[in-house]
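Engineer: Whatever this is, show me its structure:
(one chain, ligands or ions: 1)
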Amino acid sequence: MAKFSVFKDQESLFACPICQAPMRLDQSSLVCQTRHTFNIAKQGFVNFLRQNKGDKHYDMASFENRSHILAAGYYDPILEVIPERLRDLPRHSHVLDVACGEGYYSRQLALEFDKDFMAFDLSKDSILLAARQNPQKNVAWFVGDLAKLPLREHRIDVILDIFSPANYQEFGRLLTDQGLIFKVIPHKDHLKEFRQLLPEAQAYSNQDVLEHFQDSCELLERVMISKTWSMPAEHVQAFAEMTPLFFHVDKKTLDLTSVRQLTVAGELLIGRIKNDK
Ligand SMILES: [Zn+2]
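Structural biologist: Numbers count the residues shown, from 1 in each chain. Now for the predicted structure:
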């Protein structure tokens, strides 16, 4: 029982994905009033999807790659700008990590903060990896679809959306009146050393993503995050395996040995859903 206490704390947030009724924890399952039952796997996550959707680019190997890169600390500058903005929130604020991948940010933040963290991804593999690396079991992990989350309305205080797609309509449904969105988007300098290797190198702009954000949200704060890291060849290789920049490129044609450092750059946008939406 104690091992699923994170789901006990947060049971009132869940809504049955089949009938939308509230759910409660019963032994090792979340159960709705009409007895639709979703088991909590022993690793500490719930799969709310009937079939595994996932994404062909994000198989287990690529999640493991990402896991090494994150564990090496290359994305930690992002973790440095978020905490000071979470600190002022009341204890037990509900934080939802959207398309969390293997859950690095939630795990790190949950170690530091007395907030209730929930995190989901479409891919069961990634959630399994996330839950396995969270022996503290202080994050409620689940497999779910951003278009239709098994969560009740207006209960989430903060949405973390780190290098992931957004669904502002769904965010508006989930967030409380004063709820905040913390969205991290790539900056044009992100992995610029890789971009320069591409034959038709094009400058990246995050302007469209920013405009899309501002269509739905009032922008309260915008924080630049950038750091250039010297790194060993195997980490350059892991970044190359992981980046969407190279999904449609034959990596054998690229001279990755010339790359000795990489820039990780993003912008944190903090916003609130506009009331007229
Ligand atoms: Zn139900």
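
Engineer: alpha carbons only for contacts and neighbour counts from here, please
Structural biologist: Noted.

Engineer: can I assume residue 205 is in contact with residue 188?
Structural biologist: Yes: using Cα atoms under 8 Å, residue 205 makes contact with residue 188 at a distance of 5.4 Å.

Engineer: In the stretch 51-200 of the chain, what residue comes closest to the ion?
Structural biologist: When distances are taken as Cα to the ion, the stretch 51-200 of the chain reaches nearest to the ion at residue 150, 10.3 Å away.

Engineer: So for residue 205 and residue 188, which residue has more residues nearby?
Structural biologist: Here residue 205 and residue 188 are set side by side on neighbour count (other Cα atoms under 10 Å), and the busier one is residue 188, at 16 against 12.

Engineer: So the more buried one: helix, strand or coil?
Structural biologist: Secondary structure of residue 188, reduced to three states by DSSP: H, G, I helix; E, B strand; the rest coil: coil.

Engineer: Phi and psi next, for it.
Structural biologist: For residue 188, the backbone dihedrals are phi -60, psi -20 (criterion: degrees, to the nearest 10).

Engineer: Ok, residue 5 next?
Structural biologist: Per-residue torsions, residue 5: phi -60, psi -30 (degrees, to the nearest 10).

Engineer: Please apply the same query to residue 237.
Structural biologist: According to degrees, to the nearest 10, the main-chain angles of residue 237 amount to phi -60, psi -40.

Engineer: Wait, it touches residue 256, no?
Structural biologist: Yes: Residue 237 is within contact range of residue 256, at 7.4 Å (criterion: Cα under 8 Å).

Engineer: Can you name the residues bridging to residue 156?
Structural biologist: According to DSSP bridges, residue 175 are recorded as the beta-bridge partners of residue 156.

Engineer: Pull up the residues of the protein that are close to the ion.
Structural biologist: Within the chain, the positions lying close to the ion (Cα under 5 Å from the ion) are 16, 18, 19, 32, 36.

Engineer: Narrow these to those that are buried.
Structural biologist: Neighbour-count burial (16 or more other Cα atoms under 10 Å) applied to those gives 16, 32.

Engineer: taking the residues of the chain next to the ion one by one, which sit in strands?
Structural biologist: Filtering the residues of the chain next to the ion for membership in strands, criterion DSSP state E, returns residue 32.

Engineer: Same list, the residues of the chain next to the ion, but as TSV with pLDDT please.
Structural biologist: As requested, those are exported to TSV (pLDDT from 0 to 100):
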residue	pLDDT
16	95
18	93
19	95
32	96
36	95
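
Engineer: before we move on, the earlier item: how about the contacts made by the residue of the stretch 51-200 of the chain closest to the ion?
Structural biologist: 14, 15, 16, 17, 20, 48, 144 (Cα atoms under 8 Å, 6 or more residues apart in numbering).
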